[in-house]
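let's see this in three dimensions:
(chains A and B)
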Amino acid sequence: GEDVEQSLFLSVREGDSSVINCTYTDSSSTYLYWYKQEPGAGLQLLTYIFSNMDMKQDQRLTVLLNKKDKHLSLRIADTQTGDSAIYFCAGEGGGADGLTFGKGTHLIIQP
Amino acid sequence: NAGVTQTPKFRVLKTGQSMTLLCAQDMNHEYMYWYRQDPGMGLRLIHYSVGEGTTAKGEVPDGYNVSRLKKQNFLLGLESAAPSQTSVYFCASSYRGDYEQYFGPGTRLTVT
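Numbers count the residues shown, from 1 in each chain, chains lettered A, B, ... in the order given. Predicted coordinates:
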């Protein structure tokens, strides 16, 4: 099945760009997802990318996909305190049990 | 459109007690999931359902049972709670298995 790996923590200064990285093993995923979890809340879909794309931009968010290296990244421009959260990447597990999630990256914003 | 709702939001149980967590979705999704989230462990799939009347085991099913009697509801039961089941439980639903999942707000369960 799919295995999804992420770093556990990322610390950035307010106003800088944040880049959260993810690697995955199953190249058959049609879509790859980024979810955001704010403290005390559930996961919310932030953005996604179709597997035949290598980049998707949505306001401050840029998703880059390198299919050859099975590497997915999420760049947040001009990081704000409201971006402080846990970010999960997810891909399809290849079976009926839905998506496979990484363990999540805690984004810490320094003033 | 409420999306995915979970009840209760918080619960404290004593070891050996039983309880049922309720998940409801109003999006007519076929797939529903129960996860637990523990520090450093990410999300782990407990059980899932691919349609009304069906259930299947996920990664960590032991100590839990589920039922999907109605399409919109997915119940998670703990027959005899143990301290190791202290966790935050999330329910999710999706139109299909490879589509985005919509999450509920979570239930924080403490077993003493």
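
run through who's touching the lowest-mean-pLDDT helix or strand in chain A.
Ranked by mean pLDDT, DSSP states H and E, the weakest helix or strand in chain A is strand A:99-101, scoring a mean of 86. Identification of contacts with strand A:99-101 by CB atoms under 8 Å, 6 or more residues apart in numbering or on different chains yields A:1-4, A:24, A:26, A:33, A:35, A:88-93, B:42-43, B:94, B:98, B:101. Every residue, glycine included, has its C-beta placed from N, CA and C.

if we go to 6 Å?
Contacts of strand A:99-101 from elsewhere in the structure, counted by CB atoms under 6 Å, 6 or more residues apart in numbering or on different chains, are A:Glu2, A:Val4, A:Phe88, A:Ala90, A:Gly91, A:Gly93, B:Gly42, B:Leu43, B:Gln101.

which residue in those residues has the weakest pLDDT?
In terms of pLDDT, A:Gly93 ranks lowest among these, with 62.

I'd like the next helix or strand past the least confident helix or strand of chain A.
Stepping forward along the backbone from strand A:99-101, the first helix or strand reached (DSSP states H and E) is strand A:105-110.

and that following strand, which residues are buried?
Of the residues in strand A:105-110, those buried under the neighbour-count criterion (16 or more other CB atoms under 10 Å in any protein chain shown) are A:Thr105, A:His106, A:Leu107, A:Ile109.

go on, stretch B:7-20?
Residues of stretch B:7-20 classed as buried: B:Arg11, B:Leu13 (neighbour count, 16+ other CB under 10 Å).

show me how far that stretch is from its chain's centre.
Taking CA atoms, centre = their mean, to the nearest Å, one finds stretch B:7-20 lying 13 Å from the centre of the chain it belongs to.

got the CA coordinates for that stretch in PDB?
Taking only C-alpha atoms (Å, rounded to 0.1, in the frame of the first residue of the first chain), the coordinates of stretch B:7-20 have been written out as PDB:
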ATOM      1  CA  THR B   7     -21.400  13.600  18.800                       C
ATOM      2  CA  PRO B   8     -20.300  14.000  21.600                       C
ATOM      3  CA  LYS B   9     -17.500  16.500  21.400                       C
ATOM      4  CA  PHE B  10     -15.900  15.400  24.600                       C
ATOM      5  CA  ARG B  11     -16.300  12.300  26.900                       C
ATOM      6  CA  VAL B  12     -14.600  10.900  29.900                       C
ATOM      7  CA  LEU B  13     -15.000   7.100  30.500                       C
ATOM      8  CA  LYS B  14     -13.800   4.800  33.200                       C
ATOM      9  CA  THR B  15     -11.900   1.600  32.200                       C
ATOM     10  CA  GLY B  16     -14.400  -1.100  31.200                       C
ATOM     11  CA  GLN B  17     -17.300   1.300  30.400                       C
ATOM     12  CA  SER B  18     -18.800   1.300  26.900                       C
ATOM     13  CA  MET B  19     -19.900   4.100  24.600                       C
ATOM     14  CA  THR B  20     -20.900   4.800  21.100                       C
END
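
partner strands of the least confident helix or strand of chain A and their direction?
strand A:85-92 (antiparallel) (DSSP bridges).

returning to what we had before: A:Ile76: which of the contacts of strand A:99-101 is nearest?
Of all the contacts of strand A:99-101, the one sitting nearest A:Ile76 is A:Phe88; the distance, using CB to CB, is 14.3 Å.
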